[in-house]
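**Student:** Pasting the sequence and the predicted model now:
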Amino acid sequence: MKNIVIFGAPGSGKGTYSDEIVSRYGMEHISTGDVLRGEIKNGTELGKVAKGYIDNGQLIPDELMIDILAKTYDALPQGKGVIFDGFPRTIAQAEALKNMLAERKHDMGMMVELVVDEETLMARLLNRALEQGRADDNEETIKKRFEVYRNQTAPLAEWFEKEGLRHVFTWKGSKDLMLAEIFEAIDAENK
Ligand code: AMP
């Protein structure tokens, strides 16, 4: 399987669709947010550093994040294809991912972009706060995360476009419809 970068704003469904892709294709999944939350839970030094940024809705510095990503990637079994969820979030991270994969004679595969309007995103995240109690799912931090997404991450879509990897899926009110379209695109890439 080709690698997949799953891309979109907070609450756009990156985790949810990654789980669906994993169960259909048996790929590996790296969620950098989950990796960081695991470090916080385990009380590691990295977790302590990460918590300050996450609780403020800010991004962890690129150098640190790139290092974490490479270590996580190298610990996975090879050959099944990997879904990168929540990484890259900046142009520097995208360039680093491209180089890291090239050094290993792998490539990015394809990018799946989830486009959802901000009102729907906010409603989903506030609902997730009730269900999962994530510390950064409160209205104030969510607004900061949207701003960080708009300023630092959204411009990356053009980067993927130039690389010829971008596939855009716009929310039309149905998860099943989104999934069908995403699966069709993944199947076409892996023919
Ligand atoms: P997520 O679970 O992907 O929404 O990530 C939660 C938080 O973890 C983000 O708001 C950032 O503070 C941090 N984070 C996750 N992935 C990255 C990344 N690739 N670069 C920088 N910070 C990240």
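**Tutor:** Structure received. Numbers count the residues shown, from 1 in each chain.
**Student:** where do the strands sit along this structure?
**Tutor:** Using DSSP state E, the strands of the chain run over 4-8, 28-31, 82-85, 110-115, 166-170.
**Student:** Dump the ones you listed to TSV, plus mean pLDDT, mean neighbour count and distance to A94.
**Tutor:** In short, each C-beta sits where N, CA and C put it, glycine included. Below are the strands of the chain laid out as TSV (pLDDT from 0 to 100; neighbours: other C-beta atoms under 10 Å; distance: least, C-beta to C-beta, whole Å):
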stretch	mean pLDDT	mean neighbour count	distance to A94
strand 4-8	98	26	8
strand 28-31	98	19	15
strand 82-85	98	24	10
strand 110-115	98	21	9
strand 166-170	98	17	12
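**Student:** Dump those strands to JSON lines, plus distance to the ligand.
**Tutor:** Formatted as JSON lines, the strands of the chain follow (distance: least, C-beta to the nearest ligand atom, whole Å):
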{"stretch": "strand 4-8", "distance to the ligand": "10"}
{"stretch": "strand 28-31", "distance to the ligand": "6"}
{"stretch": "strand 82-85", "distance to the ligand": "7"}
{"stretch": "strand 110-115", "distance to the ligand": "12"}
{"stretch": "strand 166-170", "distance to the ligand": "18"}
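**Student:** Make CSV out of those strands and add distance to A135.
**Tutor:** Shown next, in CSV, are those (distance: least, C-beta to C-beta, whole Å):
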stretch, distance to A135
strand 4-8, 21
strand 28-31, 16
strand 82-85, 19
strand 110-115, 23
strand 166-170, 29
